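>>> Sequence first, predicted model second:
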Amino acid sequence: MEENKTVVTNENFDWNAFENDLGVYSQPKEEIAAAYDKTLSNVAVGEVVEGTVMSIGKREVVVNIGYKSEGVIPVSEFRYNPELAVGEKVEVYVESAEDKNGQLSLSHKKARQLKSWDRVNEALANDEIIKGYIKCRTKGGMIVDVFGIEAFLPGSQIDVKPIRDYDVYVDKTMEFKVVKINQEFRNVVVSHKALIEAELEAQKQIIMSKLEKGQILEGTVKNITSYGVFIDLGGVDGLIHITDLSWGRVNHPEEIVQLDQKLKVVILDFDEAKKRIVVVMADYGAFVEIAPGVEGLIHVSEMSWSQHLRSAQEFMKVGDEVEAVILTLDRAERKMSLGIKQLTTDPWADIEQKYPVGTRCVAKVRNFTNFGVFVEIEEGIDGLVHISDLSWTKKVKHPGEFTQIGADLEVVVLEIDKENRRLSLGHKQLEENPWNEFEGQFSIDSIHEGTVTELVDKGAIVSLTDSIEGFCPMKHLVKEDGTTAKVGEKLPFKVLEFSKATKRITLSHSRTFEDAKRAEYAAEKAEKKAAADANKSVVKKINASVEKTTLGDIAGLAELKAQMAAKEEEEK
């Protein structure tokens, strides 16, 4: 069956009657609009008002402040508060009642900035815990968004333990305390470490009260140095010295452990006084607690101006209160070096006036090296006596042959190097150079009695007097019977060479008897030659005499022969 249809056109439809039938309007529109406006809050542009979070999207947060339209705020303005939830009350700044899209324009960031300075000062005054958003890393620490203000978080205030990777904290929201405000420059410094220090201190006291020698605990490797490993035992730091890491030889702790590694350790010793000043003592220095959680190292070289390094225990002991000067400070690495010698005058400041070149003084022998003797003239002033400046005459191979550690040695200042804090000293210069006198005494070919004191590779050291020695090459040690001279034998030696420049006398024992033999042989040869020459003269004379006789005899015979020949002719 076909349905009846009624077609109504816009031209003849009574909208007022339709709306009245629905009960939408019971009074004129103007009165209704005015009544509706009364239910809405009056919005004043430029004011900070409180609103309610209606919804949270990926990009925007919708906030209702009781106005006819809701405001939309970028979600990035709430990144300092990742726990933002629907229904939460937030402060917003009214930028305009309607933007170009007819939307209420709000800003949470501006609202925070307008009240930020008052709020940050209140947080400092009331020791309030606040939230902040870590925006980025900067030199020495981090930049934190606190109430819309960029505050500085020093690296040393992030945690009680050293931070190795700052980047892991970027884009994180953490709790902080305001620790410092510069009103003039409007700089704010915050700390996260301050929140946990009190808790750690209480925990530390509990741990310390339960510590016993021989107790086994588990800890985490906190820091590794060349001399040992620092272990976090849950608020209390302990040191494992490098020698206690292994029964075998360890060149560096990194060969045994790694950062953040869990280790079981045995308590060897601890300081029962919770308020101790010196925390750890070692040969190389002392760790000093300046304030709770703030420690510095006084190296043994900074305990005294003396360059002769000693053990730190000679200067102080655990529990001593010491006054020190801060030398270096590394906030990022949480390291501080201190010094106590700087509290006294540097003895090198007036070294030229106190010990000018040529000054004679008595020094204490502190150490030996192969090339000389280190001596201490006074506390903080050391010098070196080179091995060549110990004696004019003796060949000193090692300083230990000449003196001993702890002995007094008279010296004279030869040279001052103030910049490098070095003194060149001499001992032999206390006397005149005797080689000028020796030159005439030990002339070449002169013979002297000497004693063989030492055999070396190429010969022997011969003592000529108490103060001078000579060298005899091996081939010149051969005695008249063909054997070689031995240590302790006293023999005559002939001077072959004398050098004042190199302070060297070359000797020969063999020459003393070889030259005598040569002289004797030469004399015998000369005598034989003279005899031979005499014999030749006699023979010559005899020959001459014989020659004359022979010639006369020949003439007589010739005459006789002639006579005999004539007589024979007559007979014929």
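Perfect, thanks for sending it.

>>> For the protein, which segments count as helices?
15-22, 29-38, 108-125, 193-210, 351-354, 435-441, 510-571 (DSSP state H).

>>> Next up, the contacts around the residue nearest to the spatial centre of the chain.
Taking C-alpha atoms, centre = their mean, the centroid of the chain lies closest to Ser226, which sits 10.4 Å from it. Ser226 makes contact with Ile242, His252, Pro253 under the criterion C-beta atoms under 8 Å, 6 or more residues apart in numbering. For the C-beta atoms, the positions are set from N, CA and C on the backbone; glycine is no exception.

>>> how much space between the first one and Ile256?
The gap separating Ile242 from Ile256 is 9 Å, by C-beta to C-beta, to the nearest Å.

>>> Name whatever forms a beta bridge with Ile73.
Val61 (DSSP bridges).

>>> check contacts around it.
Glu60, Val61, Val63, Val92, Leu106, Ser107, His108.

>>> In CSV: the residues you listed, plus neighbour count, pLDDT and distance to Asp408.
Listed next are those as CSV, based on neighbours: other C-beta atoms under 10 Å; pLDDT from 0 to 100; distance: C-beta to C-beta, whole Å:
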residue, neighbour count, pLDDT, distance to Asp408
Glu60, 14, 89, 88
Val61, 25, 89, 86
Val63, 24, 87, 89
Val92, 25, 83, 86
Leu106, 27, 85, 88
Ser107, 18, 80, 84
His108, 27, 77, 82
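
>>> Looking at those, spot the one nearest Ser156.
Nearest to Ser156 among the contacts of Ile73 is His108, at 32.0 Å by C-beta to C-beta.

>>> Contacts only, for that closest one.
His108 neighbours (C-beta under 8 Å, 6+ apart): Val61, Val63, Ile73, Glu77, Phe78, Val90, Glu91, Val92, Tyr93.

>>> Report the contact partners of the fifth one.
When contacts are counted by C-beta under 8 Å, 6+ apart, Phe78 touches Val61, Leu84, Val90, His108.

>>> bridging residues for the third one?
So the one you mean is Val90. Beta-bridge partners, per DSSP bridges, of Val90: Gly51.

>>> for it, what are its contacts?
With C-beta under 8 Å, 6+ apart, Val90 has these contacts: Glu50, Gly51, Thr52, Val53, Val63, Phe78, Leu84, His108, Ala111.

>>> Please look at the first one and Asn64 and confirm they touch.
No - assessed by C-beta atoms under 8 Å, Glu50 is found out of contact with Asn64, at 10.5 Å.

>>> hey, what's in contact with both of the two?
With C-beta under 8 Å, 6+ apart as the test, Glu50 and Asn64 reach no residue in common.

>>> These two: who's more crowded?
Asn64 (15 against 12; other C-beta atoms under 10 Å).

>>> pLDDT score for the residue lying closest to Lys135 once chain neighbours are set aside?
In space, and not counting its chain neighbours, Lys135 is closest to Ile143: 4.8 Å by C-beta to C-beta, 6 or more residues apart in numbering. We note a pLDDT of 91 for Ile143 in this prediction.
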